[in-house]
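**Student:** turn this into a model:
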Amino acid sequence: MTRVLILCTHNSARSQMAEALTRDVARRLGVALEVHSAGTEATRVKDDAKTVMNEVGLSLEAHTSKTLWDVPDAQNFDYVITVCDSAAEACPVYPGKTSRLHYPFTDPSGGSLERWRAVRDQLKVQFDAFVGALALGQPVPASYEDSPSLVSV
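**Tutor:** Prediction:
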């Protein structure tokens, strides 16, 4: 099983949404993934993240904000994906087998629900492309810019 970790600063919004979206597309495509999210700091999952994910039929109610060290086997991932620049800079060094990717997304915190929806939709396109590549045995997008059909905020 391929292990994926999605990192952000507070594990309160982008990484939580990306975790749920990645699990969902992996389930739909029949790709065996173990997906976790974490932050460089733990806070709480934001209500707006829960709201916009509920709109697409995915619940974050059971999700909790956690740090990397709260994740099982924290040093053993096939892919570590950072979704904000701060987490990319603070990301620890991983063993050679780990592929590190950086897919930066705008922080929707403090924005309107439309902004939250736009970020959610961008995350969906990105992580659909990531899991789709795994399903086809193709190289995953190396960066956000390398992913096809991304919408802009």
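**Student:** residue ranges in the chain under the pLDDT threshold?
**Tutor:** For the chain, the stretches flagged by pLDDT under 70 are 87-93, 95-96, 144-153.
**Student:** show me which helix runs longest in it.
**Tutor:** In terms of residue count, the longest helix belonging to the chain (DSSP state H) is helix 113-136.
**Student:** check which residues of that helix are buried.
**Tutor:** For helix 113-136, a neighbour-count test (16 or more other Cβ atoms under 10 Å) marks 115-132, 134 as buried. (Each C-beta comes from the backbone N, C-alpha and C, glycine too.)
**Student:** from the contact counts, what lies against it?
**Tutor:** Using 3 or more Cβ pairs under 8 Å, 6 or more residues apart in numbering; DSSP states H and E as the contact test, the elements touching helix 113-136 are helix 14-29, helix 47-54.
**Student:** could I get those as TSV with mean neighbour count and distance to residue 99?
**Tutor:** Listed next are those as TSV, based on neighbours: other Cβ atoms under 10 Å; distance: least, Cβ to Cβ, whole Å:
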stretch	mean neighbour count	distance to residue 99
helix 14-29	23	15
helix 47-54	18	26
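**Student:** quick check: the residue most central in space within the chain vs residue 121, distance?
**Tutor:** Central residue of the chain (Cα atoms, centre = their mean): residue 18, 3.2 Å from the mean position. Using Cβ to Cβ, to the nearest Å, residue 18 is found at 12 Å from residue 121.
**Student:** same thing with residue 99?
**Tutor:** Distance from residue 99 to residue 121, counting by Cβ to Cβ: 25 Å.
**Student:** repeat that for residue 137.
**Tutor:** 27 Å.
**Student:** please apply the same query to residue 35.
**Tutor:** 19 Å.
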